[in-house]
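J.: Here you go, sequence then predicted model.
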Amino acid sequence: MSPIIKQISKFIVVGVVNTGIDFAILNALMFSMKIYSGKWLILFNSISFTAAVINSYFMNKYWTFKAQNTEDSKAKQFSQFLIISVIGISINDAIVYALATFTSPLFGLSAQMWTNAAKIIATLASMAWNFIGYKFIVFKPKTLDI
């Protein structure tokens, strides 16, 4: 298996774990508060996404990109990770908020299921952004191994 396919495969596994964390926390917050749209959804989504991102940092750093011997300082690397992740969460929040708040549920879905559908779309978009940012900015190898 080529190195890039192996790396993308690991990133997908990490993404599945993080998506589980993200969806579990988001649904627990929505269910407990009975809120499925509007401004509070941004807070709930930000909390759930942040928990997943913290897990993502460690799994991607040590397993996907194996960046423990990076030349960059840990503080610089983590700050780059946060910047990429903040952009990722902004993409994710915007999509979830817009679809859940300004679009009525389609296909006979309940409000909660519609918000989860929006979250799937948002996750795919932010995952693409995060992979590119993590690979080429945060955990970039000494030589480019595409």
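T.: Sure thing, it's come through.

J.: Quick one: name whatever helix or strand follows the helix or strand in which Thr101 is found.
T.: If you go by DSSP states H and E, Thr101 is part of helix 74-102. Counting by DSSP H and E, the element after helix 74-102 in chain order, helix or strand, is helix 111-133.

J.: which residues are in contact with that following helix?
T.: Residues from elsewhere that reach helix 111-133 (CB atoms under 8 Å, 6 or more residues apart in numbering): 8, 11, 15, 19, 22-23, 26-27, 30-31, 36-37, 41, 45, 49, 56, 84-85, 87-89, 91-96, 98-100, 103-106, 109. (Glycine included, C-beta is placed from N, CA and C.)

J.: Report the angle between it and helix 74-102.
T.: Here the directions of helix 111-133 and helix 74-102 differ by 150 degrees (axes from the mean of the first three to the mean of the last three CA atoms, to 10 degrees).

J.: Any quick PyMOL command for the buried ones out of the contacts of helix 111-133?
T.: In PyMOL, the members of these classed as buried (16 or more other CB atoms under 10 Å) are selected with the following command:
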select buried, resi 11+15+19+22+23+26+27+30+36+37+41+45+49+56+84+85+88+89+91+92+93+95+96+99+100+105
